[in-house]
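Engineer: need a structure here:
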Amino acid sequence: MTSTELYTTAANQARVATEKAVDTFKTGAQTFTDRADIVAKLPTVDLTAPVQRYFDLVQQTLDKNREFATKWAELVTSLSSSFRDQAQSFGNVVKEQTTLVADLVVDQAEAAEQVATEQAERAEQAVQDQLAAAEQAEKDLIKQAQKAEREAAKKAHEEARAAYEGLTKAELSDQLAERDLPKSGTVDELIERLVTADIQ
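Structural biologist: The predicted model follows:
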């Protein structure tokens, strides 16, 4: 393989590795976005640092490729045919360095994706916990309101009944007649009938 073909192969591999890194980062960002959209109250997730590191590494990859390509072109231009082997050796170095940098970029992109996924999962769990706590608090408030309502109704009943305690059956019957209510029954039944009418 000639030095030109060797460099072309190395450059293609660097391009493929960079594209893979970009795709990996996009996938991580999309995963986080999909999970973050479930509730508007999600905690703030700061991905500035990993994103900045990722694009710094992409820029380093591009800078390295440009630097190696320039050196390779200068070497090929200046050397005679007797030094072609050295150019090919330099091409091997370019290939190795490009692969190392590209692998590092991919690793950083995958790390950024992992951070985004973990933070999205923690945020989602926090929201679920808040919803569960709010639901329980609402149930507790309903129970307290029902209890207070029962106690108020009981107190109102007792207060209404107190007004009729000590009255004779004849007096209770008179009050029932004034309200066009039945007058039959025991004293307790008459009182309850009057209390019911008062409360209603």
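
Engineer: confidence score at the closest residue to residue 169 other than its chain neighbours?
Structural biologist: Closest residue to residue 169 apart from its sequence neighbours, by Cβ to Cβ, 6 or more residues apart in numbering: residue 187 at 5.2 Å. Bear in mind the C-beta positions are built from the backbone N, C-alpha and C, glycine included. Each residue has a pLDDT score; the one for residue 187 is 91.

Engineer: residue 187 and residue 163: what is the separation?
Structural biologist: Relative to residue 163, residue 187 is positioned 14 Å away (Cβ to Cβ, to the nearest Å).

Engineer: so the residue nearest to residue 169 touches residue 171, yeah?
Structural biologist: No: counting by Cβ atoms under 8 Å, residue 187 does not reach residue 171; the two are 10.0 Å apart.

Engineer: list the contacts of the one helix or strand residue 176 maps to.
Structural biologist: In the assignment (DSSP states H and E), residue 176 maps to helix 169-178. Counting by Cβ atoms under 8 Å, 6 or more residues apart in numbering, the neighbours of helix 169-178 from elsewhere in the structure are 164, 167, 182-183, 187, 190-191, 193-194.

Engineer: what about the longest helix in the protein?
Structural biologist: As assigned by DSSP state H, the longest helix anywhere in the chain is helix 84-162.

Engineer: from the contact counts, what lies against that one?
Structural biologist: Contacts of helix 84-162 with other secondary structure elements, assessed using 3 or more Cβ pairs under 8 Å, 6 or more residues apart in numbering; DSSP states H and E, are made with helix 3-36, helix 48-78, helix 187-199.

Engineer: worst average pLDDT in those helices?
Structural biologist: When the helices and strands packed on helix 84-162 are ranked by mean pLDDT, helix 3-36 comes last with a mean of 59.

Engineer: thinking again about what came up before, okay, angle between the helix holding residue 176 and helix 187-199 too, please.
Structural biologist: Orientation check (axes from the mean of the first three to the mean of the last three Cα atoms, to 10 degrees): helix 169-178 against helix 187-199 gives 30 degrees.
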